[in-house]
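>>> Attaching a predicted model along with its sequence, questions to come.
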Amino acid sequence: MYELFVLGELMTGEKHGYMLQEILKNAAGPGRQISSGTLYPLLSRLVDSGQIHLRHEEESEGGRLRKVYALTEAGRVRFHELMEEPLESNTDTERLINFKMVYFQYVTKDVRLACLKQYLNHLQTIRKYVKNFETQLISHKPEPAKQRNQLLRVFDHRLRVGEADIEWVTEEIERIEREE
């Protein structure tokens with residue numbers, strides 16, 4: 001997922017490592033921060049594999065050398081491969097689709113539609129799972145009743161959020177399908 005982020009950000013132009021880290025901190029949200037110990041080894045692997053190019057630039061203040069990264073043609077190819085990879089349903093699906101949507105302007109309509117349809121399928125699978133669990137809970141009426149009732153409230157919340165997500169993704173698919 002972070003590989004997609006780095007390559008996607010470099011699609012917009014070269015950036016130094018600190019800038020990439022700051023953008024990712026904001027993109028990932030307050031609950032998930034990327035450490036230098038994760039980002040810089042990833043950048044090194046991408047340089048070693050030829051997906052990005054590293055050059056050193058002297059910083060105006062302090063005279064330190066700043067590492068500036070740029071995308072190579074191999075990195076561009078890898079970016080498109082990552083964008084075309086099917087989504088897997090796991091704990092990172094939400095964050096990954098959000099990263100992918102940020103970079104939709106760099107891929108074809110077919111890739112955008114495939115990503116959104118896979119995400120829609122993921123959301124519908126979650127909705128079905130929650131509804132099935134809710135049905136079992138209602139029919140079996142496990143004790144204590146207060147806990148069961150609170151769990152049903154949680155399911156109600158999840159279903160409402162899921163319905164809103166499904167509605168938005170469906171509208172986005174329809175919007176993209178209308179594009180020329």
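The structure has been received and is ready for your questions. Source: prediction; values computed, not measured. Numbers count the residues shown, from 1 in each chain.
>>> show me the residues around residue 109 that make contact.
Counting by Cβ atoms under 8 Å, 6 or more residues apart in numbering, residue 109 touches 176, 179. Where C-beta positions appear, they are placed from N, C-alpha and C, glycine not excepted.
>>> repeat for residue 1
Applying Cβ under 8 Å, 6+ apart, we find residue 1 in contact with 92, 95, 96, 99.
>>> thought the last one was touching residue 6?
No. Applying Cβ atoms under 8 Å, one finds residue 99 not in contact with residue 6, separated by 10.4 Å.
>>> More neighbours: which of the two?
residue 6 (24 against 21; other Cβ atoms under 10 Å).
>>> The more buried one: which element?
Applying DSSP states H and E as the criterion places residue 6 in helix 2-11.
>>> tell me what that helix is packed against?
Contacts defined by 3 or more Cβ pairs under 8 Å, 6 or more residues apart in numbering; DSSP states H and E place helix 2-11 against helix 17-28, helix 36-48, strand 52-58, strand 65-71, helix 73-84, helix 93-102.
>>> buried set for the second one?
Of the residues in helix 36-48, those with enough neighbours to count as buried (16 or more other Cβ atoms under 10 Å) are 39, 42, 43, 46, 47.
>>> And the contacts of it?
Applying Cβ under 8 Å, 6+ apart, the contact partners of helix 36-48 are 2-3, 6-7, 17, 20-21, 24, 52-54, 67, 69, 75.
>>> Let's have those residues in JSON lines, adding distance to residue 107.
Below are those laid out as JSON lines (distance: Cβ to Cβ, whole Å):
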{"residue": "2", "distance to residue 107": "19"}
{"residue": "3", "distance to residue 107": "16"}
{"residue": "6", "distance to residue 107": "16"}
{"residue": "7", "distance to residue 107": "12"}
{"residue": "17", "distance to residue 107": "25"}
{"residue": "20", "distance to residue 107": "20"}
{"residue": "21", "distance to residue 107": "25"}
{"residue": "24", "distance to residue 107": "20"}
{"residue": "52", "distance to residue 107": "19"}
{"residue": "53", "distance to residue 107": "22"}
{"residue": "54", "distance to residue 107": "26"}
{"residue": "67", "distance to residue 107": "28"}
{"residue": "69", "distance to residue 107": "21"}
{"residue": "75", "distance to residue 107": "15"}
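>>> so which two of those residues are the farthest from each other?
24 and 53 (19.5 Å; Cβ to Cβ).
>>> Span of stretch 64-77 from start to end?
32 Å (Cα to Cα, to the nearest Å).
>>> Other residues contacting the worst-scoring helix or strand of the chain on mean pLDDT?
Lowest by mean pLDDT, DSSP states H and E among the helices and strands of the chain is helix 17-28, with a mean of 81. Helix 17-28 is contacted from outside by 2, 5-6, 9, 15, 33-34, 36, 39-40, 43, 66-67, 69, 95, 98-99, 102, using Cβ under 8 Å, 6+ apart.
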